[in-house]
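**Q** for reference, the sequence and a predicted model appear below.
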Number of protein chains: 2
Amino acid sequence: MSKVRGKNVDIAGLAQGVLSGDRRSIARMISIAENSLETAHEQMEPVFSKTGQASRIGITGPPGSGKSTLVDALTSLLRKKKLTVGIVAIDPTSPFTGGALLGDRIRMQGIGLDPDVFIRSMATRGSLGGLCAAAGDAADILDASGKDIVITETVGVGQSEVEIARVADTTLVVLCPEAGDAVQTMKAGLMEIADIFVINKADKESSARLTVDIRGMIELKTYDKADWKPPVVETSATQGTGMEKLYELIENHRKYLEHDNRLHNKRVSSAVRKIQDIVISQVEKKAWRENQEEYIRQLGAKVVNGEMTPYAAAGIVFEHIKSNS
Amino acid sequence: MSKVRGKNVDIAGLAQGVLSGDRRSIARMISIAENSLETAHEQMEPVFSKTGQASRIGITGPPGSGKSTLVDALTSLLRKKKLTVGIVAIDPTSPFTGGALLGDRIRMQGIGLDPDVFIRSMATRGSLGGLCAAAGDAADILDASGKDIVITETVGVGQSEVEIARVADTTLVVLCPEAGDAVQTMKAGLMEIADIFVINKADKESSARLTVDIRGMIELKTYDKADWKPPVVETSATQGTGMEKLYELIENHRKYLEHDNRLHNKRVSSAVRKIQDIVISQVEKKAWRENQEEYIRQLGAKVVNGEMTPYAAAGIVFEHIKSNS
């Protein structure tokens, strides 16, 4: 038994439930991960040691590019191919409405009723470090639960958010003409992380132009013979066109990763990122989240009053972390 | 003398140069800050102790909303009012072109030739924690150098990037109809940080609609009598219209901050954020940036091979940070 937010929880039992694919155990375990697995990670070991079987797909793109619709359509196709699917969807929180902007998810109820599809939404409430770590844990839990494909979907707005989708075997960047042109895609840092570009809503006239622009930008970059050169595919997720082609490209990328230790190297990079997310999340927690607010505001006041440089204050926080861990 | 990247640098002399407003000293000092002030922060004390005189303005918004043009137009107006201006502009880096996407900055040469305007571009290369800390240092240096107004401009894509603009006395969120609708603005987390909304390119028909939408969203939130309710102003930065109105709103917000200790409290929050950025930046450096890459990849490989959970690996990194600092 472990204490999770003051309650006794049988983590080892939950871990066994996750491994047998039990939906309730999966849901509970992801909730525990959202509140930090730190205290429970030892009993989680059976789960972590069973990861690595699923194909991990990351999906990102600017707001309004149709990511959720694409995840819907792709999941339907994967189900036709008898593959089981786990989905971690990162939804932005609005402090104005008080909740996650979950409108997009309602549409998903069709696939949500399928027992071989598990969908979990997470909100970007609070610390980004904590969210990155929790999103990685959720993907690991779904992987260990036996899902063939684990999809992580996040809005491509900013380096940290984009990195969540990058921690995958294959990363799709979804673009549409209405959600910004190619230069803006570069500005959002989306060009560098794409294994496959998806130009969505390809029934719109301007899609062809965007496809040409993105292809032009890919040509600007120098590729070695052994490099993967990101292909561009046009889809209409609402009409379901282009999905077979997209699936074929995902398969091609998976086969590419199978050679020269590429999949292993990519997964080591993902694991490194995950370790870093956990470290940052723990630093945030030890230094200014758990009952440290007053303490750090006092240091902030000293900086404002010119009694201390911010670097000296950071040094004190650093010592504080060391002595409290 | 301090060693900065292997060279002896007279930081104390530079600090005096900054305080006297010497442009070369300011430029040098900001460059040192970009490579981390950690080793030099003690000699920087005279600079940090002279901050707090400038009014700090943060400007953010989605890519394509016309932030740079607005900074141009606002700076011209501030100069007419005989105010000196420092600008820190965060430009996204493209790994495809290899450099910062500085196209926007070229336009600024007009105001760039004015000796009472200092413009510094920084690229989002490498670590986000490091960039946040460096951007804060640059604003502090410009503040200490005697500039009346210090503007920090950053593209509003993602929580971390947006936070850079939030570390200001007054934060402007710049929107335009082409760069996404009101819901997408909420999704990007821009609603909560705005002290003033600027609807730019107000010559376009759809601006009026966006203004109505944003006002509607502001009405959804509950404000106490003492709260600042963000006003919305329409501008056309290219034509210079609406700038006097914007200036008036910035002045109103500054007056609002002068009561009930609000400015002090806001600056303490900014200082807290700055301390946090420095701590995160130092953790990143100690744990995986400075010659630690091989070490952390070995831990990553152990996680991938199932020999260790990512939490156990994070624990080892944490111990490593503690014993190396």
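**A** Received it, and whenever you're ready, just let me know what you need.
**Q** spell out which residues make up each domain of chain A.
**A** Per automatic domain parsing, the structural domains of chain A span A:1-50, A:52-274, A:277-323.
**Q** identify whichever of the ones you listed lies nearest to chain B.
**A** Among these, the nearest to chain B by C-beta to the nearest C-beta is domain A:52-274 (1.1 Å). Just so you know, the C-beta spots here come from the backbone N, C-alpha and C atoms, and that holds for glycine as well.
**Q** so what would you say the end-to-end distance of that closest one is?
**A** 14 Å (C-alpha to C-alpha, to the nearest Å).
**Q** quick one: average pLDDT of that domain?
**A** Average pLDDT, domain A:52-274: 82.
**Q** helices of chain A, residue ranges please.
**A** A:11-19, A:23-34, A:45-48, A:67-80, A:103-106, A:109-112, A:128-144, A:159-166, A:182-187, A:207-220, A:243-257, A:262-284, A:293-304, A:310-323 (DSSP state H).
**Q** deepest of these, which one?
**A** For the helices of chain A, average neighbour numbers computed from mean count of other C-beta atoms under 10 Å in any protein chain shown are highest in helix A:128-144, which has a mean of 26.
**Q** residue contacts, A:A313?
**A** A:299-300, A:302-303, B:271, B:275, B:278 (C-beta atoms under 8 Å, 6 or more residues apart in numbering or on different chains).
**Q** report the lowest-confidence entry in those.
**A** B:I278 (86).
**Q** for that one, which non-adjacent residue is closest in space?
**A** If the residues on either side of it in the chain are set aside, B:I278 comes closest to A:A314, at 3.8 Å by C-beta to C-beta, 6 or more residues apart in numbering or on different chains.
**Q** look up how far B:K266 lies from that neighbour.
**A** The gap separating A:A314 from B:K266 is 20 Å, by C-beta to C-beta, to the nearest Å.
**Q** same deal with A:E284?
**A** 21 Å.
**Q** any idea how far stretch A:243-259 is from the middle of the chain?
**A** Here the centre of stretch A:243-259 is set off from its chain's centre by 20 Å, with C-alpha atoms, centre = their mean, to the nearest Å.
**Q** how about stretch A:311-322?
**A** Relative to its parent chain, stretch A:311-322 has a centroid offset of 31 Å by C-alpha atoms, centre = their mean.
**Q** so for it, mean pLDDT?
**A** 88.
**Q** in TSV, list the contacts of A:A313 along with distance to A:I30.
**A** Putting the contacts of A:A313 into TSV (distance: C-beta to C-beta, whole Å) gives the following:
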residue	distance to A:I30
A:L299	35
A:G300	35
A:K302	41
A:V303	39
B:A271	36
B:I275	32
B:I278	33
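**Q** just the closest of these to A:P231, please.
**A** Nearest to A:P231 among these, counting by C-beta to C-beta, is B:I278 at 42.1 Å.
**Q** for the closest one, give me its contacts.
**A** A:310-311, A:313-314, B:38, B:133.
**Q** let's see 6 Å
**A** A:310, A:314, B:133 (C-beta atoms under 6 Å, 6 or more residues apart in numbering or on different chains).
**Q** how close does the first one get to A:D213?
**A** Read it as A:P310. Applying C-beta to C-beta to A:P310 and A:D213 gives a distance of 42 Å.
**Q** A:K225 - how many residues pack around it?
**A** Using other C-beta atoms under 10 Å in any protein chain shown, A:K225 has 4 other residues around it.
**Q** likewise A:M308?
**A** By other C-beta under 10 Å, 22 other residues sit near A:M308.
**Q** double-check it against A:G300; I have them as touching.
**A** No - the criterion here is C-beta atoms under 6 Å, and A:M308 misses it with A:G300 at 9.7 Å.
**Q** what is the nearest of the contacts of B:I278 to B:H259?
**A** Nearest to B:H259 out of the contacts of B:I278 is A:P310 (C-beta to C-beta; 26.3 Å).
**Q** and the closest one, what does it touch?
**A** Residues near A:P310 by C-beta under 6 Å, 6+ apart: A:303, B:274-275, B:278.
**Q** name the nearest residue to it, ignoring sequence neighbours.
**A** The shortest distance from A:P310 to any non-neighbouring residue, by C-beta to C-beta, 6+ apart, is to B:K274 (4.7 Å).
**Q** how near is that neighbour to A:R297?
**A** Counting by C-beta to C-beta - B:K274 and A:R297 are separated by 13 Å.
**Q** same question for A:I278.
**A** Distance, A:I278 to A:R297, using C-beta to C-beta: 26 Å.
**Q** ok, A:N265 next?
**A** 44 Å.
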